[in-house]
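>>> Just to be clear, the model below is a prediction. Sequence and coordinates:
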Amino acid sequence: MKYKAHILLHKSILDNAGNAVTHALQSIGFTSVLDTRIGKILYFSASSDEEAELIIKSQTNEVMEYYEIERLEQWK
């Protein structure tokens, strides 16, 4: 089975990289950008939902990040 996972910082964690992107976009004229958050998207294969959960947990710092995982019918 194929999976897609989003790994994002918790809302309460300051996203310094996201702030840098926000300021960079504003400095080149995108003044309507007010907030940017940086995350990761992973596409991977696993033999079961349980294995997929273990894989994504191994890639997530659960103190600072959370994840959302979905099973895909096909690769995008």
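That came through, no problem. Residues are numbered from 1 along each chain as shown.

>>> Do a quick rundown of the strands in this structure.
In the chain, the segments counted as strands under DSSP state E are 2-9, 39-45, 65-72.

>>> which stretch among those comes nearest E53?
E53 sits nearest to strand 65-72 of all the strands of the chain, at 7.0 Å, using CB to CB. Using the backbone N, CA and C atoms, a C-beta is placed for each residue, glycine as well.

>>> in the closest one, what's buried?
By 16 or more other CB atoms under 10 Å, the buried positions in strand 65-72 come out as 65, 67, 69.

>>> From those residues, pick the one nearest S58.
Y67 (10.8 Å).

>>> ok and the longest helix seen in the chain relative to strand 39-45, angle-wise?
Secondary structure of the chain per DSSP state H: the longest helix is helix 16-27. Here the directions of helix 16-27 and strand 39-45 differ by 120 degrees (axes from the mean of the first three to the mean of the last three CA atoms, to 10 degrees).

>>> pull the CA atoms of helix 16-27 into PDB?
What follows is helix 16-27, C-alpha atoms only, in PDB (Å, rounded to 0.1, in the frame of the first residue of the first chain):
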ATOM      1  CA  ASN A  16      11.800  30.400  12.400                       C
ATOM      2  CA  ALA A  17      12.200  29.000   8.800                       C
ATOM      3  CA  GLY A  18       8.600  29.900   8.100                       C
ATOM      4  CA  ASN A  19       9.200  33.400   9.500                       C
ATOM      5  CA  ALA A  20      12.200  33.800   7.200                       C
ATOM      6  CA  VAL A  21      10.100  32.800   4.200                       C
ATOM      7  CA  THR A  22       7.400  35.200   5.100                       C
ATOM      8  CA  HIS A  23       9.900  38.100   5.300                       C
ATOM      9  CA  ALA A  24      11.600  37.100   2.100                       C
ATOM     10  CA  LEU A  25       8.200  37.000   0.200                       C
ATOM     11  CA  GLN A  26       7.200  40.300   1.700                       C
ATOM     12  CA  SER A  27      10.500  41.900   0.700                       C
END
